[in-house]
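Visitor: Sequence plus the predicted model coming up.
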Amino acid sequence: MVIYMTFGSVIAPNHSSGFASASTDAERVLLEEQLKQIEEEIAANQAIAKAYEAEGKTLKSEINSLDNKIETLNQKIKAITLSLRRIESEIGEKVSTISQTEEKIILNRLAISKSLQGVYEQEQQSLVTVLLKNNNLSDFFNEVNNLLDVQTSLTATVKKNTELRDELLLQKDQLANQKNDNAVLKIYQDAQKEQVAKTRQEKDKLLEVTQGNEQKYQQIVTEKKATASEIRSRIFRILGGGEMSFEEAYRIAKFAEGATGVEASFLLAILDQESALGSNVGKCNYRDSMASGPPDSKRDDVTHFLRITADLGLDPETTLVSCAISKDGAWGGAMGPSQFIPSTWILYEKAVARITGQSPASPWRNSDAFIATALLIKDNLNACSQYSDSKQLRCAASRYYAGGNWSRFEWTYGVSIQNKKETFDDEIKTAFN
């Protein structure tokens, strides 16, 4: 009977060895120190860029500005590279943990098998056989107690096996998210490298055309400056909201600014960025895309989606949402221009309806979507209020994209939003002031 109790013992999770953990922690600290240094260099470069901007548009200041931009882009590439190394290290650690957990599940299954075999053999013995095997009555009761111990151990092992399975599923989900983070960072890194090359070409072409002549440069500036009417009539594309003129988009964004305090240029930058990234938007049925669970689940998008579409009189079977990234195990289900998942939309729909006067609010209605985005950005800005203005903006933007995981994307998504906002600030000033 002792052998069954040994095999039936619970195998406790052991995530990683102390040495491996210490090594990983040391590497992470080093990467974070390097990243902090790069952030300080970028902040210094941004201060220099403001000084060049204050000098006014001259050929010399433009060349200096382009040099500064190239240096800043190279620093951002370094920051992304460090973030990639950090994520790859975490992925390696996670793969090892998953492998260890799978081994323990196999051991627990073996323990269950042995325990079941022991219970089966005991149950096959008749009362007469058991009595004949034991010299006295106390031995018989010891056998009975041993059998009860095996059953208790079996119950504990089944429970622990279930917990290990759930832990493994969680680890695989985390790994899928990390892989997705890694892929996004690589996309941004490639984009930054392309931008460096374009900026260098821009500088070389500027010098070639002007040959250092200030008058020629000023002529180029005049010719390139877009007219107000061209900016207002330019097409602004948003996810799930089709196309509208930039003037109309600005009008809605300005209304949202008045209601929430979030700058129209920041809101437009977020919506414009989401549109650029939305290759998988509005192509899938909710059944294939959304996380589902019981009504009290933390993430039950299906139930919320069915309620939202019912309130709006929409057919859930034909109302398309963003697709899941099935190869990585990542959920989809984002709705409309603002790309809110149902479980997030329900947090803002009543506030949106109060502001727009349209009840129920719809994630597929542009005015509602703009307000919802502005409300979420406002909450993100408050959550990032401990940072300086520039970092607060990057933090708030990155939280819109990655939630609590925002720091991974400060120098990718966050910087992209920052750049877009500055562009929109200039265009708004030209077109509407």
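Guide: Here it is on my side, so go on. Please read all numbers here as calculations on a predicted model, not as lab measurements. Numbering: from 1, shown residues only.

Visitor: what's near enough to touch the residue nearest to F266 when sequence neighbours are not counted?
Guide: Spatial nearest neighbour of F266, chain neighbours left out: K421 (5.2 Å); criterion: C-beta to C-beta, 6 or more residues apart in numbering. (C-beta placed from N, C-alpha, C; glycine too.) By C-beta atoms under 8 Å, 6 or more residues apart in numbering, K421 lies in contact with 263, 265-266, 268-269, 393.

Visitor: shaky segments in the stretch 251-400 of the chain?
Guide: Applying pLDDT under 70 to the stretch 251-400 of the chain flags the ranges 276-281, 291-299, 325-330.

Visitor: same thing but at 50, please
Guide: Along the stretch 251-400 of the chain, the model assigns pLDDT under 50 to residues 296, 328.

Visitor: hang on, the earlier thing: the residue nearest to F266: which element?
Guide: helix 415-432 (DSSP states H and E).

Visitor: Give the buried residues for that helix.
Guide: For helix 415-432, a neighbour-count test (16 or more other C-beta atoms under 10 Å) marks 415-418, 420-421, 424-425, 427-428, 431 as buried.

Visitor: Please give the number of neighbouring residues around G404.
Guide: Neighbourhood size, G404 [other C-beta atoms under 10 Å]: 7.

Visitor: For G414, which non-adjacent residue is closest in space?
Guide: Excluding its sequence neighbours, the residue lying closest to G414 (C-beta to C-beta, 6+ apart) is R394, at 3.2 Å.

Visitor: can you tell me the helix or strand for that neighbour?
Guide: R394 belongs to helix 389-402 when assigned by DSSP H and E.

Visitor: tell me what that helix is packed against?
Guide: When contacts are defined as 3 or more C-beta pairs under 8 Å, 6 or more residues apart in numbering; DSSP states H and E, helix 389-402 sits against helix 264-277, helix 366-383, helix 415-432.

Visitor: what is the mean pLDDT for the last one?
Guide: pLDDT averaged over helix 415-432 equals 88, rounded to a whole number.

Visitor: Looks like A351 contacts A374 (just checking).
Guide: No. The criterion here is C-beta atoms under 8 Å, and A351 misses it with A374 at 10.3 Å.

Visitor: more crowded one of the two?
Guide: A374 (29 against 15).

Visitor: Is the more buried one in contact with A256, as I believe?
Guide: Yes. The pair A374 / A256 is scored as a contact, 4.0 Å apart, by C-beta under 8 Å.

Visitor: related to what we said a few turns ago, reformat the helices and strands packed on helix 389-402 as TSV; add distance to L168.
Guide: As requested, those are exported to TSV (distance: least, C-beta to C-beta, whole Å):
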stretch	distance to L168
helix 264-277	31
helix 366-383	32
helix 415-432	35
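
Visitor: Which of these sits closest to I38?
Guide: Nearest to I38, of all the helices and strands packed on helix 389-402, is helix 415-432, at 12.1 Å by C-beta to C-beta.

Visitor: Can you tell me the SS state at P316?
Guide: Following DSSP: H, G, I helix; E, B strand; the rest coil, P316 is assigned to coil.

Visitor: That one and S275: what is the separation?
Guide: Distance from P316 to S275, counting by C-beta to C-beta, to the nearest Å: 24 Å.

Visitor: Over to Q418?
Guide: Distance from Q418 to S275, counting by C-beta to C-beta: 17 Å.

Visitor: before we move on, the earlier item: ok, the residue nearest to G414 - how many residues close by?
Guide: Using other C-beta under 10 Å: R394 sits among 24 other residues.

Visitor: check contacts around it.
Guide: Contacts of R394 (C-beta under 8 Å, 6+ apart): 410-411, 414-415, 417-418.

Visitor: just L31 next, same as before
Guide: Taking C-beta under 8 Å, 6+ apart, we find L31 in contact with 82, 85-86, 89.

Visitor: got JSON lines for the residues you listed, with neighbour count, secondary structure and distance to C284 too?
Guide: Output for the contacts of L31, formatted as JSON lines (neighbours: other C-beta atoms under 10 Å; DSSP: H, G, I helix; E, B strand; the rest coil; distance: C-beta to C-beta, whole Å):
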{"residue": "L82", "neighbour count": "20", "secondary structure": "helix", "distance to C284": "35"}
{"residue": "R85", "neighbour count": "16", "secondary structure": "helix", "distance to C284": "33"}
{"residue": "R86", "neighbour count": "20", "secondary structure": "helix", "distance to C284": "32"}
{"residue": "S89", "neighbour count": "15", "secondary structure": "helix", "distance to C284": "33"}
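
Visitor: Touching, A396 and I377? I think so.
Guide: Yes. A396 is within contact range of I377, at 5.9 Å (criterion: C-beta under 8 Å).

Visitor: need the contact list for S416.
Guide: 188, 191, 273 are the contacts of S416 under C-beta under 8 Å, 6+ apart.

Visitor: Can you go through those and name the buried ones?
Guide: 188, 273.

Visitor: got JSON lines for the contacts of S416, with distance to P363 too?
Guide: Formatted as JSON lines, the contacts of S416 follow (distance: C-beta to C-beta, whole Å):
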{"residue": "Y188", "distance to P363": "27"}
{"residue": "A191", "distance to P363": "28"}
{"residue": "Q273", "distance to P363": "18"}
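
Visitor: Closest one of the contacts of S416 to D166?
Guide: In terms of C-beta to C-beta, no member of the contacts of S416 lies closer to D166 than Y188, at 33.5 Å.

Visitor: I'm done for today, thanks for sticking with me.
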